[in-house]
Each structure stands twice: as C-alpha cells, then as structure tokens.
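K.L.:
Sequence and predicted model, in that order:
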Amino acid sequence: MTTHRATVAIVGGGQAGLAASWFLVRDGVDHVVLEAGTAGHEWTDTRWDNFTLVTPNWHCRLPGYEYAGPDPDGFMTRDEVVAWLAGYAPTFGPPLREHTRVTSLTQRAGGGFLVEAEGPDGAETWEVEHVVVATGGYHVPVVPAWAPALDPAIDQLHSADYKSASRLRPGGALVVGSGQSGAQIAEDLHLEGRQVHLAIGDAPRVARFHRGRDCMTWLAEMGLYDTPVTSYPGGLAAREKTNHYVTGRDGGRDIDLRQFAAEGMRLYGRLASGAGTDLVLEPTLRDALGSADDVYRSICRDIDAHIASRDLDVPPAEPYRPVWETESDPTALDLAAAGVSTVIWAIGYRPDYRWVRVGVFDGTGRPTHTRGVTAVPGLSFLGLPWLHTWGSGRYLGIAADAEHIAGTITGNGLRTVEPAAELARRRSPGPLDTSAAVA
C-alpha cells in the first residue's frame, strides 16, 4: 500500500469537487482530487439520451469558467453538458486522480484524516489535514421494499438507468414519481409514442416562461438562488422539498400533466403498494394536480410583484387555464390489463456515506453541517442540494459554496463570486423608460 500526504483531499471529481480545487489551486494549497470514475462521469451515467438542462445555459458557471456558447437562454443537451464540463479541468490543471475510489475516511489519532482508496495501481492511503466530501447526495436509487413482489414478467428499472424508449420492451410504461426526472422521463416516452401511465406525488410545477423571460432567470434576479436555506419558511426543512418540474426540451416549455392527459397519458395518484400485476393507488390525483397548479400560479404572482416593483416594460401575464380535469381518482391499476411492460421508479435516492467513519451524520444518514462545514474540524461537504441556498446543488450556486469551503481551509475570507441576482439583473430588460411619454 502506497502512502501519500497532502494538505487537502477532495473526494469527488464532479463539478463541485473541481470548483473547490480551482480555489485551492488559485491559493497555492497542496491538495488532491480523488475521483472513482472520470471527472464529471455522472452526467453520462445517470442521464437519459434526450436529457436537457432545466435551467438556462447562462446558469452554467464554475469558478473561472462559464458557458460562452451562442444560446445563453437555451438548454444544453446531456452531451453538450458533458462536453462543456470536460473543458473545465484543462483551464486550471487540478491535481486529479481518476479511477481512484475512496473506501474509507477516518480521523487520525494525531490530528487530520486518513483516506484509504483503491487506485489504478492498487491500494493507497492519503494522510491529510482537511477533507472535502464532494460526492453529492444522490448515491443509492430508491425503490419500494415491495417491488420484488411484482410480476417478474414486468421489467423494472430506476430513473438512473433509463436511457430511451427504444431500449425498453414493446408495450406501455408506468413511471412512478413526478419530480424532475419522473416528469421528464414521462414526457420523453410520451413524445416517442409510448402509452405512458404516471403515478404522481406532491411535486410542484413552475412555468417555463412568464412575461417574456424564463422563470429561472426571474427567480435568480429576485434573489432566490442567493437566499440561505435558514431564511426560508420552515428553515432546514426546505432541504426535503421536491424540485419543480419543467423541461428544457425543444427550447423549453412547461410540463403540463393535464395537457399530457388530454393527449392520452394516464394519470394516477400516489402508488401505495402492489403484488403480481395489481397495484394499489391512493386517491390523491385531483389534489396533487391542483396543488401543483397553485404553486405555478403563486410563483407567477411573485414574479408579477417583482416586475411591478421595478416598473419593468415586459409583456402582460397570460393566466394558466387547466385543459383537463380528472373524472375520478383511480385506486387500482392492473398492469397486465393496461399493457404495461415496464415500471420506471423515479422516487429519488438515499445517501450512502458508510465509508465516512466520522460522527457527523443525523438519524437519516445525512451530514449535519452549517454551509457545508461540520462540527469535526477539517471535514466539510460540498455539492449537496440546499447546502446553503437553492442554488447549491446547481451550477449557479456551486462557485459561492466552493469559495466558502476553500476559505475555511485557507483563512482567505475574500469573496469574489458574484451573487446570482447580480448576474441575472444584467440580463434584465431594465425599468420602464417613460421619458418619451413625458416629453
């Protein structure tokens, strides 16, 4: 076993780990980035073929690097994101060790940490003073405990393994979950002409565009990407919220499940249990659709208030009107009778930090921290959803979090990352110019 020494070990070579490395390279800190696969591989491994971003391309920015393509208000495809991210590391030369899987993190008796890993040349250890865990929070795909009781003739896969309709057996598909992945996979199958059945949860939705601009740009300008999680109603409970569903396909549009239903998609409430080909459903469809629409309208009203406060010259609002209403709340579904050959579970992930043998976790296995910094000196986390703000798990918020974590290591309190609101305001149409009317 080979032993190495460094001041900092960053575990994970995705966008978060590379962002932290950029600041450490800038400040001349000796460190290593340990990546189990290749840098940014998650974008290829867990995204389907027709995946697109749901945030505008101008949101894509990392320390010293930002989207510079021809369509800042468009939405990159999966392959475009992979190519864009691949261009990042060469701009600053991080000390990256790929194909090096960390298997254990422990505290050393004399201070600091011992990181054990399996690399291309076998086992290796790293003695370091600081560790930044940048492996994200989506590790183990979740499926119900009763899933094995379903008829084995029906294929089952998690959204992480879905690639395209063409790779599924002929027949209908049941998508379980209406968060971002579930709603977009249902859309993908629907556009490919598959008969789609969708069991929806309590995910909210948001308009793609409102009054002439992308809603994500409006929300960035309003400061939502810069607001600490502790300032939201309910505080840290915001970390458990499901993201709003929307799509970047074909230049971006709403995902309106009611419209899909009008076009033939079959909608159901929450899936409760199942065995064989028989599923039990909760009668929650009507309420779930109504709740999602209420959130949609509420966000539009908040944007309207922001527009009014700045007297912006933008197009008028176009109120949403439902195009379909359920006649009943189904409580049962026979997969065989419905012609369903595949069930796709899109109900999320759970964290798996069993290799981190340091007592910084709560009862759910999630790290306890304040803006990524744990109570154990030298150990921090980066790239988690809602680590500090709504933007923390997205490209738009990673740089600010990475700069903060790097600052706790180096003592450099300088803050150079621009707030998302300032970036968005530069894209704003500006206040209404009434000078001509006055003259």
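P.N.:
Structure's in. What do you need? Residues are numbered from 1 along each chain as shown.

K.L.:
Show me where the stretch 151-300 of the chain dips below the pLDDT cut-off.
P.N.:
Counting by pLDDT under 70, the stretch 151-300 of the chain contains low-confidence ranges at 235-238, 240.

K.L.:
need the helices for it, in chain order.
P.N.:
For the stretch 151-300 of the chain, applying DSSP state H, counting those that start in this stretch gives helices covering 180-191, 215-221, 257-262, 285-310.

K.L.:
if you compare these, which one is most tucked away?
P.N.:
helix 215-221 (a mean of 25; mean count of other Cβ atoms under 10 Å). From N, CA and C alone the C-beta is placed, and that goes for glycine too.

K.L.:
Which secondary structure elements does that one sit against?
P.N.:
Applying 3 or more Cβ pairs under 8 Å, 6 or more residues apart in numbering; DSSP states H and E, we find helix 215-221 packed against helix 285-310, helix 420-425.

K.L.:
Chain neighbours aside, what residue packs nearest to residue 158?
P.N.:
Excluding its sequence neighbours, the residue lying closest to residue 158 (Cβ to Cβ, 6 or more residues apart in numbering) is residue 141, at 3.8 Å.

K.L.:
and the gap between that neighbour and residue 361?
P.N.:
Distance, residue 141 to residue 361, using Cβ to Cβ, to the nearest Å: 20 Å.

K.L.:
What number of neighbouring residues does the residue nearest to residue 158 come out with?
P.N.:
If you count neighbours by other Cβ atoms under 10 Å, residue 141 ends up with 17.

K.L.:
Against residue 85, how distant is residue 38?
P.N.:
Between residue 38 and residue 85 the computed distance is 11 Å (Cβ to Cβ).

K.L.:
So the two - more neighbours on which side?
P.N.:
residue 85 (22 against 14).

K.L.:
who are the neighbours in contact with that one?
P.N.:
15, 39, 40, 43 (Cβ atoms under 8 Å, 6 or more residues apart in numbering).

K.L.:
SS state for it?
P.N.:
helix (DSSP: H, G, I helix; E, B strand; the rest coil).

K.L.:
Domain boundaries for this protein, per the record?
P.N.:
Split into domains by automatic domain parsing, the chain comes to 2-139+351-425, 141-206+244-345.

K.L.:
quick one: which of the ones you listed is nearest residue 232?
P.N.:
Checking these against residue 232 by Cβ to Cβ gives domain 2-139+351-425 as the closest, at 8.3 Å.

K.L.:
Show me which parts of stretch 359-368 are buried, residue by residue.
P.N.:
Residues of stretch 359-368 classed as buried: 360, 366, 367 (neighbour count, 16 or more other Cβ atoms under 10 Å).

K.L.:
The second one against residue 352, yeah?
P.N.:
No - with contacts defined as Cβ atoms under 8 Å, residue 366 does not count as touching residue 352, sitting 10.8 Å away.

K.L.:
one step back: where does the residue nearest to residue 158 land on pLDDT?
P.N.:
Residue 141 is assigned a pLDDT of 95 by the prediction.

K.L.:
Tell me which strands the strand ranked longest in the chain pairs with, and in which orientation.
P.N.:
In terms of residue count, the longest strand belonging to the chain (DSSP state E) is strand 122-133. Within its sheet, strand 122-133 is paired with strand 2-11 (parallel), strand 113-119 (antiparallel), strand 379-381 (parallel), according to DSSP bridges.

K.L.:
Look up how far residue 105 lies from residue 122.
P.N.:
On the measure of Cβ to Cβ, residue 122 and residue 105 end up 19 Å apart.

K.L.:
Equivalent analysis for residue 156, please.
P.N.:
For residue 156 relative to residue 105 (Cβ to Cβ), the value is 33 Å.

K.L.:
And for residue 310?
P.N.:
48 Å.

K.L.:
tell me which residues in stretch 189-204 are buried?
P.N.:
189, 190, 194, 195, 196, 197, 198, 199, 200, 201, 203, 204.

K.L.:
how many neighbours does the residue nearest to the fourth one when sequence neighbours are not counted have?
P.N.:
With sequence-adjacent residues excluded and distances taken as Cβ to Cβ, 6+ apart, residue 195 is closest to residue 172, at 3.8 Å. As a burial measure, residue 172 scores 17 neighbours (other Cβ under 10 Å).

K.L.:
Bridged to residue 172, which residues?
P.N.:
Beta-bridge partners of residue 172, as defined by DSSP bridges: residue 340.

K.L.:
now the strands: where do they sit in the stretch 201-350 of the chain?
P.N.:
209-210, 213-214, 266-268, 271-275, 278-281, 332-334, 340-345, 349-350 (DSSP state E, counting those that start in this stretch).

K.L.:
Quick check: which of those is nearest to residue 59?
P.N.:
The nearest among these, by Cβ to Cβ, is strand 213-214 at 9.6 Å.

K.L.:
how distant is the closest one from the center of its chain?
P.N.:
20 Å (Cα atoms, centre = their mean, to the nearest Å).
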